[in-house]
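Novice: here's a sequence, model it:
(chains A and B)
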Amino acid sequence: MPSPELLVTPGDEELSDLLLAPLWSKSRIWLLLFALTGAGTLLLLFAMTWTFSTGIGSWGNNIPNAWAFGIINFVWWIGIGHAGTFISAFLLLLQQPWRASINRVAEAMTLFAVLNAALFPLLHLGRPWFAYWLIPYPATMQVWPQFRSALPWDFAAILTYGTVSLLFWYVGLIPDLATARDRAPTRGKQIVYGIFALGWRGSARDWQRHGIAYGLLAGLATPLVISVHSIVSMDFAITQLPGWHSTIFPPYFVAGALYSGFAMVIMLTIPLRRVFRLETIITERHLDSIGKLALAMGWAVIYAYVIEAFIAWYSGNIYERYALLIGRPLGPYALLYWIMLSCNCAAPQLLWLRRVRTSPLLLFGVAALIQIGMWLERFIIIVSSLSRDFLPSSWHSYRPTWVDLSLLAGTISLFLLLFLLFLRFVPAIPISEVKHLSHETSRDEAFA
Amino acid sequence: MSRNLPVLDTGAANEGLTAEEITRRQFLQLAATGLAVGALAGCVEPPRERILPYTVQPIGVHPGKPRYYATTMPLGGYGTGLLVESHEGRPTKVEGNPQHPASLGAAGVYEQASVLQLYDPFRAKSLRYRNAPSTWNAFVREFAPTPQRAGYRGAGLRFLLQPTASPLTSALLDRIRDRYPEARIHSYAPLGSTTGTSGLLRLFGTRVQPQYDLRNARVVVTLDADLFGAMPFAMRYARQFADGRRLANPQAPMNRLYAIESALSDTGSIADHRIAVRSADVAIIAATLLRFIAAESRTRGITAPDLSADQQAQHSADERWRMIARDLVANARQSVVIPGEQQPAAVHVFAHAINLLLGNIGRTVWYTEPVLYTTDAGGIDALTREMKAGEVDSLIILGGNPAYDTPAGLNFRAALRSVRLTAYTGLYENETASACHWFVPSLHYLESWGDARAYDGTASLTQPLISPLYDGRTADQILALFLGQTDYSAWDLLRESWRTRFTAADSDLIWADSLRRGVIVNTAAAPLPVTPDWSVVTQTLANMPQASDQIELVFRQDPKVYDGSFANSPWLQELPDPVTKLTWDNAALLSPRTAESLHIESGDLLQFRLQNRTITIPALISPLHADNSVALSFGYGRRGTEAIARDVGVDVYALWPGADQYVISGADVSRVESKNAHRLATTQDHWQISGRPVAVQQTLNGWRADPDFTREEREHAEALYELLPTAEEQWAMTIDLGICTGCSACVVACQAENNVPVVGKAEVLNSREMHWLRIDRYYNAEAGSGTITQPMLCQHCEKAPCEYVCPVNATVHSDDGLNEMVYNRCVGTRFCSNNCPYKVRRFNWYNYTMGWSETEQLQFNPDVTVRARGVMEKCTYCVQRIREAEIQARLENRRIRDGEVVTACQQACPTRAIVFGSITDPESQVSRTREQSRLYSVLNELGTRPRTRYLARISNPNPAFESS
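Specialist: Numbers count the residues shown, from 1 in each chain, chains lettered A, B, ... in the order given. All right, here's what the predicted structure looks like:
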């Protein structure tokens, strides 16, 4: 029998106090982390300004590696975001109760990941002040974007995803903001939360409409889990570059996205759970479930690796064979390739063991390896394919510069910074949903 | 309304209204008037100076339309006729002069880059005496009294020049010799080898110079001679040779080239047999060939001396020499053996003895009087000796850079201090300038009046395309000073010199015609009859050293900076070396096996020690390089004021023991440990073609057996959607790999024509060079010379992969078949580069338009946009030239003629390997190349349908080689 989603059945008052406590308390640790991530964000701003003012030349890109860290980071961040939507929207539609406590964290993770991701298509442009030309607006030049290219699709997908995620997250947040408003210790906080609560009164009608809106948005968000990363994968799949030109890319990338996303959810919820003493609300059951999901996605990714390599061999095409079977495992980035396989394929096999899935420390470790492995996977896909393509005369390697590394580290800092702000100012655990679950659990027990 | 407002008489007084009572209508009137007055008051007074509009144009000048002027560029003493494109009074692009024998319409690497040198911001701008700026008048005051000194016969007066064939300079030098019998005139150039002349002097007893014509040669053998790259007349030989293998079908006759050399050169690259041997061993090989040919001739009943006496001196029992000898004899009277300029005299004796035996004289080789001005004053060592002995009072150095490029053993720079008065004229304040008292900036040939002779003696005039940019003078003007002609301009000197040479009646007419045409007709040197002294041959044979395995050093010309003259050219520094693709550096080239035996890799520092002098230079492994031979190229490690060249590469002159000693054995080679590994910036790092059908080649017999061997690379797969192009002309290009030597003239031409920026060594290390056209080199052990070169540029694919991935329509397809790049629409996503399988697109990673000096900007082609940061660029098939021709054709109401549109790369190519035109015209040259069965497309299987297609290289190996 699966372990329970809630270990205790506290009353509503206790739940509200417990889950609103982070909003009212001051925490030294929080300030320290905020300062650290703030510094990292400043580094990001500096690197961005440097890029805008001096040019993409400050990155490590070259011909043939015209895309490298910028796009790797973009795909990595967007991928991470998908698990959030999966947990909050997908699992809502599938009516999985264990999503209750972690879905807002997951959805916030999505939002911040999408924000970070959206930076890169802007940054990596040679002339970012004309980025708006990718938007289909009626221009006086009477030129539309070129719609056969995957980049305008990207723009549409990310815009949609960001908008829907934001709405979905916000709508789900409204009842809890009202709770915060009602329990705010100061007048100022009461006003601020009151504004954002949009006048929520908690009436039955409010709940009914809320449920419908939430469900509709979940319905909108769910297909985006599949479509957005499929479109992002088209950035590569529509080309004819060996290593990119592969029809398995859409499902492969979606699986990979969920994979890294689950890993990120694990990496966020485990410390959260520890710091805010939420072990009763984010229980072993949650860790177990996410661990299983991660393992499942990991196998989807393994399948994709195997099929990719097999088809490259089966095709007989000398360029495909070289790219997949020689360039990657034996070429200049062979070390990274094998590390990637260890992180993505070997490490997650530990998740077969329940002991690993339910141990916060071990699960966190595996998740970190998965994150690294998934970043490396995008590196291998992008850079190893570009650096050695059709004409051997144009083969050249790629090496990142301090700007590339600063942007990566900076976006991670920005992500954590936003997450810290989220924890500080917004109820991270959905109070109303946990209460709902608590009532259902005690009712079940009462009727058991 | 205050009282300070201008009061207009609006009749308010009559209406009885006071200033305080004003109606709305009046208020509006006042306001409007005030506004108008205010606006007028804001106008500035018109300037006092009057400007005049360009209503009266000079005849023939149309703003925006360039003009072409013929002129001549001197290099190594010989002149190459050129046509230079001038926009609004400034030269912007160099093309070849089809009427000049050295050019035949082509312009090589040095010629193309010379236009930028004119605008070099580091050129010297003013005269200098010791450490203070000076003037020409002061210089004249110093030297003009010389001819008037009573009883002065020139004791202690020395002139040092670069070798020259200029009739004007020669005439002036003759007059100086007459006027100053005790003065001496020396000529020196590091690459001015005299071994050829001394060898022929030994053989024939007179001073002669060989002339070659490859058009009649079925078999060509080069003995360490870079016939198509470094020799004078190289472009001409390349064209003549290419004409013998511009195969239209498998049955066409084809010539054959054997290249025997140590370092891979353009010549070796295109040879049918390239044999890598130490340069020092070429002599014994030549001797072996001579013996075999003599023996073979005798067996065929041809009179030949018996040279078989000394059988020991033979380069191994190598059957190859015997087979080559047989091939030569079978093609007697239709063959030629060409010795390398830097090979010792013995090799020249043997080579020309072979030519004599084969009956080639008068057909593929003949002899003329030496074209270069010669004196018997002795070379640079004689001069330096005299300088050190204090026998030189005044030394006038006209051009060159002897303080830098003389052999280190001479210590010329120190010797300069022993001379009382030194004067130097040069383009830069270089190593020599800083060691001389007087410095006079010299004029670039594009700003000079002068003349020159080509290698075959053809004379041509040099006319300036722009007034001198700075306060410079020509060498002729300085020489004229010593003859009392202080007021003569360069034009005066030249005109007067030629007045007497032309028939008096037509003098002006011939002068004008020569200037326009760029050639003075009927001035080629006449062939001289020669009689060989065979005893010299047997004597030289008897004294042959054996072949050896000692590591030798070969000092050679650099394919980019020549002897250092062009070291300050950013175009040439960034031009990938034709063989090694090295930029911004020189290196010690050696073979993989030699490197292994020394335990070194490319980039490791090597120290060479020779006669107590050392240099440290990075090693670069070059496949196909001869074992036990190290090639060092001159021209780097500069230390003058030329900032571009400063500290780029290593000065090899510092190791060079003596003039004419280009091949030295017995040097010490050792590896130097260094914490900072030296990084060599090559544009290509991978050389194996790995079975990919990219640069295709086949033997002649193979082609004959299977004429259709490129079918898989040529036939188009069906497409789902066939686009029908609509324009009358459909542009396309064919490149014949069989005659591309890899000389890279096209690369520099493209850079000059299209304002392609230079990015510097650090960026080249990160693979960001901007060349729109590159020459790829592949090594493949099985076929031909073992290497093949392939010019790679935008293929202008009919189904371009770059077009459908651009998110903003910045790369689109034109109606006439061009893949167009719209710079001002590009946002720089670089998606197009990812999807280009040929990787011919270039991105402006930084703003490469900053930092151009004002003079360098004058070189820009005004018909081509200069691209901003963040924008992609690539070959456009010289669209500016296409559109220009279209406009012209439309004005004249006709179709564009075949050959009217010539791309920059096509125009520069010495062998005419590149053909461009419209495939809608079935008679056009490009259409006819499309009918050839050896045509193919690179990466045909991708279905890109490129308009740039290639003719597979056909090599003509000697069948006897295969069976041995």
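Novice: pretty sure B:Ser460 sits in a strand.
Specialist: Yes: counting by DSSP: H, G, I helix; E, B strand; the rest coil, B:Ser460 is found in a strand.
Novice: OK, contacts around it?
Specialist: B:70, B:72, B:79, B:81, B:100, B:451-454, B:514, B:518-520 (CB atoms under 8 Å, 6 or more residues apart in numbering or on different chains). Where you see a C-beta, it was placed from the backbone N, CA and C, and this is true even at glycine.
Novice: flag the shaky bits of chain B, pLDDT-wise.
Specialist: Low-confidence segments of chain B, defined by pLDDT under 70: B:1-22, B:38-44, B:52-54, B:302-303, B:306-317, B:781-783, B:963-964.
Novice: swap in 50 and give it another go.
Specialist: B:1-8, B:10-17, B:312-313 (pLDDT under 50).
Novice: also chain A?
Specialist: Applying pLDDT under 50 to chain A flags residues A:1.
Novice: cutoff 90 now
Specialist: A:1-29, A:83-84, A:86-103, A:141, A:202, A:272-287, A:289-290, A:428-429, A:431-448 (pLDDT under 90).
Novice: residue of it nearest chain B, please.
Specialist: A:Gly126 (1.8 Å; CB to the nearest CB).
Novice: run a quick neighbour tally on the nearest residue in space to that residue that is not next to it in sequence.
Specialist: In space, and not counting its chain neighbours, A:Gly126 is closest to B:Gly828: 1.8 Å by CB to CB, 6 or more residues apart in numbering or on different chains. Around B:Gly828 there are 25 other residues, counting by other CB atoms under 10 Å in any protein chain shown.
Novice: so is the residue of chain B found nearest chain A in a helix, a strand, or just coil?
Specialist: At 1.8 Å from chain A, B:Gly828 is the closest residue in chain B, using CB to the nearest CB. B:Gly828 falls in the coil class when you classify it by three-state DSSP.
Novice: I'd assumed B:Trp845 was in contact with it.
Specialist: No: using CB atoms under 8 Å, B:Gly828 is not in contact with B:Trp845; the gap is 9.5 Å.
Novice: common neighbours of these two, please.
Specialist: Residues touching both B:Gly828 and B:Trp845 (CB under 8 Å, 6+ apart): A:Ile56.
Novice: distance check, the residue most central in space within chain B against A:Pro400.
Specialist: Chain B has B:Val109 as the residue nearest its centroid, 2.0 Å off, counting by CA atoms, centre = their mean. Applying CB to CB, to the nearest Å, the value for B:Val109 to A:Pro400 is 36 Å.
Novice: which strand or helix spans the closest residue to A:Phe262 other than its chain neighbours?
Specialist: Nearest non-adjacent residue to A:Phe262, counting by CB to CB, 6+ apart: A:Ala294, 4.2 Å away. Using DSSP states H and E, A:Ala294 sits in helix A:284-315.
Novice: how about the helix or strand that that helix is followed by: buried residues?
Specialist: For helix A:284-315, the succeeding helix or strand toward the C-terminus, using DSSP H and E, is helix A:318-321. For helix A:318-321, burial by neighbour count (16 or more other CB atoms under 10 Å in any protein chain shown) applies to A:Tyr319, A:Glu320, A:Arg321.
Novice: who touches the helix or strand following helix A:318-321?
Specialist: Later in the chain than helix A:318-321, the nearest helix or strand by DSSP H and E is helix A:328-330. Applying CB under 8 Å, 6+ apart, the set of residues contacting helix A:328-330 from outside is A:Gly243, A:Ala334, A:Tyr337, A:Trp338, A:Ile380, A:Ser384.
Novice: need these in TSV with distance to chain B, can you?
Specialist: Shown next, in TSV, are the contacts of helix A:328-330 (distance: CB to the nearest CB, whole Å):
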residue	distance to chain B
A:Gly243	11
A:Ala334	16
A:Tyr337	19
A:Trp338	22
A:Ile380	15
A:Ser384	13
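Novice: just those residues: which are in helices?
Specialist: In helices, defined here by DSSP state H, the members of those are A:Ala334, A:Tyr337, A:Trp338.
Novice: which helix or strand contains B:Thr422?
Specialist: strand B:421-426.
Novice: do B:Lys675 as well
Specialist: Here B:Lys675 sits in a region with no helix or strand, counting by DSSP H and E.
Novice: that one and B:Glu429: what is the separation?
Specialist: 34 Å.
Novice: circling back to that earlier point, identify the residues contacting the residue nearest to the centre of chain B.
Specialist: Contacts for B:Val109 (CB under 8 Å, 6+ apart) come out as B:Pro559, B:Lys560, B:Leu572, B:Leu575, B:Cys743, B:Ser744, B:Ala745, B:Val748.
Novice: near chain A, from those residues?
Specialist: When the contacts of B:Val109 are checked against chain A using CB under 8 Å from any CB of the partner chain, none falls in range.
Novice: quick one, strands of the stretch 751-900 of chain B?
Specialist: B:774-779, B:787-792, B:811-813, B:819-821, B:842-843, B:872-873 (DSSP state E, counting those that start in this stretch).
Novice: got these as JSON lines, with mean neighbour count and distance to chain A columns?
Specialist: Converted to JSON lines, the strands of the stretch 751-900 of chain B look like this (neighbours: other CB atoms under 10 Å in any protein chain shown; distance: least, CB to the nearest CB, whole Å):
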{"stretch": "strand B:774-779", "mean neighbour count": "22", "distance to chain A": "4"}
{"stretch": "strand B:787-792", "mean neighbour count": "24", "distance to chain A": "7"}
{"stretch": "strand B:811-813", "mean neighbour count": "19", "distance to chain A": "9"}
{"stretch": "strand B:819-821", "mean neighbour count": "22", "distance to chain A": "13"}
{"stretch": "strand B:842-843", "mean neighbour count": "25", "distance to chain A": "6"}
{"stretch": "strand B:872-873", "mean neighbour count": "25", "distance to chain A": "8"}
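Novice: all helices for the stretch 351-500 of chain B, in order.
Specialist: Remark: helices assigned in the stretch 351-500 of chain B by DSSP state H, counting those that start in this stretch are B:380-388, B:402-405, B:412-416, B:475-481, B:490-499.
Novice: mind telling me what element the closest residue to A:Val426 other than its chain neighbours is part of?
Specialist: Leaving aside its sequence neighbours, A:Val426 sits nearest to A:Leu173 (CB to CB, 6+ apart; 6.6 Å). According to DSSP H and E, A:Leu173 maps onto helix A:150-182.
Novice: ok, A:Ala409 - contacts?
Specialist: A:Ala409 is in contact with A:Gly40, A:Leu43, A:Leu44, counting by CB under 8 Å, 6+ apart.
Novice: how near is it to A:Ile266?
Specialist: 21 Å.
Novice: again, but for B:Leu680
Specialist: 47 Å.
Novice: go on, A:Met141?
Specialist: 48 Å.
Novice: next one: B:Gln112
Specialist: From B:Gln112 to A:Ile266 the distance is 62 Å (CB to CB).
Novice: in terms of neighbours, single out the busier of those two.
Specialist: Higher neighbour count among B:Gln112 and A:Ile266: B:Gln112, with 31 against 27, using other CB under 10 Å.
Novice: quick one: the more buried one is in a helix?
Specialist: Yes: counting by three-state DSSP, B:Gln112 is located in a helix.
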